[in-house]
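Chemist: got a structure for you, letters missing:
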């Protein structure tokens, strides 16, 4: 529309109308960032390997292994914390759900999920530009395995939303399938994966339920029928099985793939075989629970790593799966020593090339996988063959001499493959030091994780690992101070959510008495009220966060939970002033303003559409805000006043 003309709201803009204004992107790296960034905005589960967290794009993280994820729990039961503790935990989780447990755009409606699946399928189809892209292949299978968002009683206890309700009205799940009991404390249902016992699991990196695993298997089978030599697809299928909780199925896929490794092209083997193998080894070690399972997992890991590294990372010979312990006698110590020596000889041939690639800033994911495999070999050899002289220290020496020595720090900070390797090694170190006889002291482990955080301060996996370490040491004050400093130095809503989590942990655990054996006892009375307003207000005055809708959604929900009508109204008005184009903020604020009081909420539960702060806005001010919302271009399908009147009609008559 020209100057002074009313815009035509019914006009349809076609691609031909804007084609002259489009600039062609010919650089492959820039094109990849553009495509993957657009997919991330649509909620595609791409993980954290396609760009460094130091780049000002989007924050990502890979799945935290379930054994470490369990240690991240506060592990406080309602009996320990006293009456009302579980309700306050669920309330606190609801405050941070816009950041810690977002439901992706594609998972809300089946038509969106089908659109996202079709888009990813076109990108990875034979002949397409991303037909061997690991992140897109796994994302496609995860989207195919994603079940519908249902109402109460849906999969995993996840509560969906009725049509027309803002996406941000998500409720904290009341049950969690991970070991540790129901109603986990704040921050536990967040990014990572929650494995089930067989079929289905929670891909809680995005908080979606993988309940349609058979559909994903069928989609993978169709693609593999057309491109049997696509090693990336086989690896994505194995990782999808891990995310769905089917570790045995993932093992069958990996062993079948490695047994037929000679059928894959050599360039594909050198580029994708290493990431596939180390990812599966880490998953095997993370899911082993019983002592016999752990021992078998170490043996299988040693067998795979020796085979991979003896062939200099190229898979020159078919892999022979390790038979069951009862089916064949155990390999002698001399035989294991010979296998280890062969792997070291293969490493001696490939590590110089990897070190040169790191120095020349050409460090690929395959190079990172070789270094990680070498480190894992040292650790697995220490478990399988204690007399070998291998240890966690030798594993870290391989990393420092190969990936760190000679490489410029700026190049490492900008490289997502260096970041991926650093995060995986930190996982390995934290896991190993939880053993009865750790090779490193807690102070050394903490220093190693802090060094990684100094390189990648926005990496959420590393922050979670630091939370694991500080929770082990009950150093919640130190964790709180670190998180506050991190938010000040690198403002982001994800870091703020972690800082709020540490604040909750500190305030809750300050009133617990730790007994011998690690048990905690609540001394009586109600748990302390968690005070998060100073942190939220400090973030709201930060230039980088003041225009973040997620910050204001957290702040608004916190004030609603505190039952302060004036504070809710003040935060709502500030929020729409800073983010006038955010539809979720408008709808949530107006919903709280016109909601019906609920006795259940007063008792400590959160229900979408219920608030103790009914009637915050005078009718005239609410009407003015509706006009402003329309002026800002925010449209709603249902008349807001109609919804307000319906809410008022549902109130009981006071005679």
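Modeler: Received it, and whenever you're ready, just let me know what you need. What you are looking at is a predicted structure, and each value in this text was computed from that prediction instead of being measured. Numbering: from 1, shown residues only.
Chemist: do you know the pLDDT at the nearest residue to residue 148 once chain neighbours are set aside?
Modeler: Computed as CB to CB, 6 or more residues apart in numbering, the closest residue to residue 148 that is not its neighbour in sequence is residue 110, at 5.8 Å. (C-beta placed from N, C-alpha, C; glycine too.) pLDDT for residue 110: 89.
Chemist: I'd like to know which elements the host helix or strand of residue 429 is packed against.
Modeler: Applying DSSP states H and E as the criterion places residue 429 in helix 416-432. Applying 3 or more CB pairs under 8 Å, 6 or more residues apart in numbering; DSSP states H and E, one finds that helix 416-432 makes contact with helix 66-71, helix 266-287, helix 365-384, helix 392-399, helix 442-455, helix 460-472.
Chemist: would you mind giving these as JSON lines with mean pLDDT added?
Modeler: Below are the helices and strands packed on helix 416-432 laid out as JSON lines (pLDDT from 0 to 100):
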{"stretch": "helix 66-71", "mean pLDDT": "50"}
{"stretch": "helix 266-287", "mean pLDDT": "91"}
{"stretch": "helix 365-384", "mean pLDDT": "94"}
{"stretch": "helix 392-399", "mean pLDDT": "93"}
{"stretch": "helix 442-455", "mean pLDDT": "93"}
{"stretch": "helix 460-472", "mean pLDDT": "87"}
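Chemist: will you turn those into TSV that also has distance to residue 258 and mean neighbour count?
Modeler: Formatted as TSV, those follow (distance: least, CB to CB, whole Å; neighbours: other CB atoms under 10 Å):
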stretch	distance to residue 258	mean neighbour count
helix 66-71	24	20
helix 266-287	7	21
helix 365-384	13	25
helix 392-399	23	18
helix 442-455	30	16
helix 460-472	27	23
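Chemist: list the buried ones in the helix holding residue 429?
Modeler: Using 16 or more other CB atoms under 10 Å as the test for burial, helix 416-432 gives 416-432.
Chemist: can you give me the angle it makes with helix 442-455?
Modeler: Relative orientation of helix 416-432 versus helix 442-455 (axes from the mean of the first three to the mean of the last three CA atoms, to 10 degrees): 160 degrees.
Chemist: and residue 437, that's in a helix?
Modeler: No. Secondary structure of residue 437 (DSSP: H, G, I helix; E, B strand; the rest coil): coil, not part of a helix.
Chemist: next, residue 227: phi, psi?
Modeler: Reported as degrees, to the nearest 10, the phi and psi values for residue 227 are phi -150, psi 70.
Chemist: helix, strand, or coil at residue 576?
Modeler: helix.
Chemist: got the contact list for it?
Modeler: Going by CB atoms under 8 Å, 6 or more residues apart in numbering, residue 576 touches 582, 585, 586, 589, 625, 628, 629.
Chemist: how much space separates it from residue 493?
Modeler: From residue 576 across to residue 493, the span is 18 Å (CB to CB, to the nearest Å).
Chemist: ditto for residue 12
Modeler: For residue 12, the distance to residue 493 - CB to CB - is 35 Å.
Chemist: more neighbours: which of those two?
Modeler: Neighbour count, other CB atoms under 10 Å: between residue 12 and residue 493, residue 493 has more, with 23 against 6.
Chemist: how close does the closest residue to that one other than its chain neighbours sit to residue 102?
Modeler: In space, and not counting its chain neighbours, residue 493 is closest to residue 550: 4.3 Å by CB to CB, 6+ apart. Shown here: residue 550 relative to residue 102, a distance of 9 Å by CB to CB.
Chemist: good, wrapping up.
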